[in-house]
Every structure is written in structure tokens, then in C-alpha cells.
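> I need the structure of the sequence given here:
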Amino acid sequence: FSDAEMRRLLDDERLEVLDWRGKRVNTPGFVEALATADIAVTGNSLTITDELLEKLPNLKLIAKLGTGLDMIDIPSVLRRGILLCNTPGANSVAVAEHTFALLLGYLRNVPQCDNAVRTGQWEKARTMGGEICGKTVGIIGLGNIGSRVASRMAGFEARLLGTDPCWPEALAAKYGIERRELNELLAESDIVCVHCPLDETTAGFIGKAELALMKPSALLVNMARGGIVDEDALYEALRGKVISGAIIDAYSQEPLTASPLFSLDNVILSPHAGAFTTDALNAMSRMSVDQLFQYVDGATPDNLVTAE
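Numbers count the residues shown, from 1 in each chain. Model (predicted):
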């Protein structure tokens with residue numbers, strides 16, 4: 001949460017602000033402080049369960065930084081009459097650009113290049129890599145983030161496939177995205193990028209059977225949520241060379257402190273850092289505070305969540 005937006009809150013005499021940035025639910029005094037709050041501004045680190053809500057009798061608004069709401073028990077929130085808003089699109093550029101940072105780093109062996117120079121191994125042939133140009137890229141989820149990935153992939157002259165239950169006709173026409181069912185997309189793609197939300201329809205979306213459909217040379221990129229990809233099945237697929245490699249920025253358990261994926265050299269792991277740019281943080285903070293003040297002023301927040 002940005003310091004500039006914190007100052008906006010502190011400068012408003014109508015508000016008493018409790019700054020618990022960087023703290024977690026198990027921090028001594030955290031839940032007790034939260035229990036006094038009418039409004040909570042939160043990111044992904046706080047899981048809001050029915051059990052926690054029982055301890056928060058004064059809560060009237062949750063302003064969530066970012067788009068994802070899978071860490072919030074939405075039915076319990078709405079059943080209690082608590083308002084919930086988020087910041088769709090505020091971090092989409094950051095996540096899209098991080099997708100390319102990791103993807104290009106993997107394809108061009110950037111970590112190995114850096115290590116080679118540092119250790120005096122001037123052996124360029126050992127850092128031989130690949131290109132995006134001319135590859136078939138399948139994008140699962142063409143919302144705020146997936147659409148930005150698609151526009152950038154078009155600039156790399158990739159062939160684009162996509163799947164999304166709410167098919168974006170205009171976007172597909174603009175960038176030449178070919179519509180496919182999931183299994184078709186997996187079978188045809190050289191690179192598969194996951195950018196869909198985690199919900200009851202996408203939990204375990206990509207498991208052993210789906211990974212088996214992919215090309216042995218294919219690369220899986222998950223920049224969405226960990227529960228979408230079965231990590232045990234992914235490990236086995238990578239270990240057994242069912243697919244060539246993977247890039248993972250989100251995990252079923254976070255922080256990830258132990259994983260068989262650590263033993264593999266055909267995977268790049270990132271600590272769910274896609275949204276972590278100063279620009280995205282400022283945008284998410286600004287949108288959250290704007291909506292908070294809309295509520296305080298008696299208006300409806302712009303991005304009110306009204307259904308599960």
C-alpha cells in the first residue's frame with residue numbers, strides 16, 4: 001500500500017487510521033485491532049474466512065487491492081451485509097510484463113548467461129536458447145491480464161490461440177486470436193500461459209491428463225493462481241519430460257518453503273511477484289482509496305462485488 005495513499009487517509013479528519021502494513025493475522029494484536037475497524041484495506045496476504053469475520057463485528061467495507069478474490073469468503077462477506085470492492089486492471093500491465101520477463105529469461109537462459117560470465121565460462125553455445133517469434137502461444141483467460149499478454153505476444157509475431165468462457169470478439173479480431181477449447185489449445189500450443197481466475201470452475205484445471213495433451217517441447221506459464229495447476233502433476237510432468245519446462249509465479253500454498261519443484265532445472269520459480277511494481281502498487285492503492293472515499297461520502301464504490 002503506497003505511502004502517498006496512506007497520507008490521503010491520514011489527512012482526512014473523518015478517519016482514524018490503523019497502519020498494520022506488513023503484518024499478518026498471526027501478529028499479536030492484529031485481529032484485535034481489525035475488530036475495531038469499519039473498513040479494511042487488504043491485499044493477498046490476508047485470508048478472510050467466515051471464522052475471521054465472526055471476530056469483526058464492526059466491519060462494513062473491504063477494499064481489496066488487486067483483482068483476485070479467492071482469498072475472501074465472498075458468500076460470508078455478502079451474507080453479513082459487508083461491502084466488497086477490488087481494483088480490476090490496476091496491476092494488469094505489471095503481471096503481463098512479468099510474464100514476458102520470466103518467459104524471455106527462460107527461453108534465452110538469462111540466469112545461466114549471468115552465471116557463465118560471473119564464473120569465467122565464456123561458452124555461448126551452452127546458453128543456446130529459443131524465440132517467441134513464430135511459436136504458437138495459447139492463452140487461458142483473456143481478461144485484463146490475458147488481453148495485455150495477447151497484445152504483446154502479437155508484437156512478438158506469435159500465433160495466438162485463446163480460451164475464455166466470455167469470448168472477447170473485438171480483442172480476438174484485433175490480434176488474430178483463434179478460439180479453441182482447452183484441450184485443443186493445450187495440444188496445439190508451444191507456450192501455454194495461464195491467466196484465468198481461480199474459482200470452482202478452474203480449480204485443478206490443469207492436471208495430469210491435461211499436461212499429457214501438451215507437446216513434449218511445450219512450456220507452461222502460470223501467472224494466475226496456484227490452485228489452477230496441480231503442482232504434483234506438474235512436477236511429475238517436468239521430471240518425466242512430458243513437457244519441456246514451466247514458469248510458475250503462484251502456488252497452492254504460499255509462501256512456498258519446500259517443494260519437489262526446487263530440485264528441477266527446467267522450471268523458473270517466482271514468489272507471486274507479478275503485480276509487484278511501484279506503478280501497480282500506486283494504481284491499486286489509489287483505486288482502493290478512491291472507492292473507500294466513495295463509501296465514506298455515501299456513494300457506491302465503482303467496483304463493488306455483488307455476487308460470488
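
> can you tell me the distance between the two ends of stretch 45-59?
End-to-end distance of stretch 45-59: 18 Å, with CA to CA, to the nearest Å as the criterion.

> What is the three-state secondary structure of residue 233?
Using DSSP: H, G, I helix; E, B strand; the rest coil, the structure places residue 233 in helix.

> Distance-wise, check it relative to residue 24.
30 Å (CB to CB, to the nearest Å). Glycine gets a C-beta too; all of them are placed from N, C-alpha and C.

> who touches the strand or helix carrying residue 116?
Applying DSSP states H and E as the criterion places residue 116 in helix 110-118. Residues outside helix 110-118 that contact it (CB atoms under 8 Å, 6 or more residues apart in numbering) are 104, 105, 121, 122, 123, 126, 127, 268.

> contacting residues for the first one?
If a contact means CB under 8 Å, 6+ apart, then residue 104 has 110, 132 as its contacts.

> Would you double-check that it falls in a helix?
Yes. Using three-state DSSP, the assignment for residue 104 is a helix.

> mind checking how far the most centrally placed residue in the chain is from residue 96?
Centroid-nearest residue in the chain: residue 224, 3.8 Å away (criterion: CA atoms, centre = their mean). According to CB to CB, residue 224 stands 12 Å off from residue 96.

> quick one: the helix holding residue 116 to chain centroid distance?
Between the centre of helix 110-118 and the centre of its chain there are 28 Å (CA atoms, centre = their mean, to the nearest Å).

> And the next helix or strand past that helix?
Next element after helix 110-118 (DSSP H and E): strand 136-140.

> Restricting to C-alpha, output the following helix or strand past that next one in CSV.
Heading C-terminal from strand 136-140, the first helix or strand you meet, by DSSP H and E, is helix 144-155. C-alpha atoms of helix 144-155 as CSV (Å, rounded to 0.1, in the frame of the first residue of the first chain):
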residue,chain,number,x,y,z
ASN,A,144,-7.5,-7.7,-18.1
ILE,A,145,-4.1,-9.5,-17.9
GLY,A,146,-4.6,-12.1,-20.6
SER,A,147,-5.6,-9.5,-23.1
ARG,A,148,-2.4,-7.5,-22.4
VAL,A,149,-0.3,-10.6,-22.8
ALA,A,150,-2.1,-11.2,-26.1
SER,A,151,-1.4,-7.7,-27.4
ARG,A,152,2.3,-8.0,-26.5
MET,A,153,2.6,-11.5,-28.0
ALA,A,154,1.2,-10.2,-31.2
GLY,A,155,4.1,-7.8,-31.3
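
> Show me what whichever helix or strand comes after helix 144-155 is packed up against.
Counting by DSSP H and E, the element after helix 144-155 in chain order, helix or strand, is strand 159-163. The contact analysis (3 or more CB pairs under 8 Å, 6 or more residues apart in numbering; DSSP states H and E) places strand 159-163 against strand 136-140, helix 144-155, strand 178-179, helix 182-188.

> how about the contacts of helix 110-118 in CSV, adding pLDDT and distance to residue 34?
Converted to CSV, these look like this (pLDDT from 0 to 100; distance: CB to CB, whole Å):
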residue, pLDDT, distance to residue 34
104, 98, 41
105, 97, 39
121, 91, 52
122, 91, 56
123, 85, 55
126, 85, 53
127, 89, 50
268, 97, 36
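
> Just the buried residues from these, in PyMOL please.
Here is the PyMOL command that selects the buried residues among those (16 or more other CB atoms under 10 Å):
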select buried, resi 105+127+268
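
> ok, residue 233 and residue 24, which is more surrounded?
Neighbour count, other CB atoms under 10 Å: between residue 233 and residue 24, residue 233 has more, with 18 against 10.

> OK, contacts around the more buried one?
For residue 233, counting by CB under 8 Å, 6+ apart, the contacting residues are 206, 207, 208, 211.

> hmm, 10 Å instead?
When contacts are counted by CB atoms under 10 Å, 6 or more residues apart in numbering, residue 233 touches 204, 206, 207, 208, 209, 210, 211, 212, 242.

> For stretch 4-13, which outside residues touch it?
Applying CB under 10 Å, 6+ apart, the contact partners of stretch 4-13 are 1-2, 15-17, 19, 21, 39, 41, 281-282, 284-290, 292-293, 296.

> No further queries at this time; thank you.
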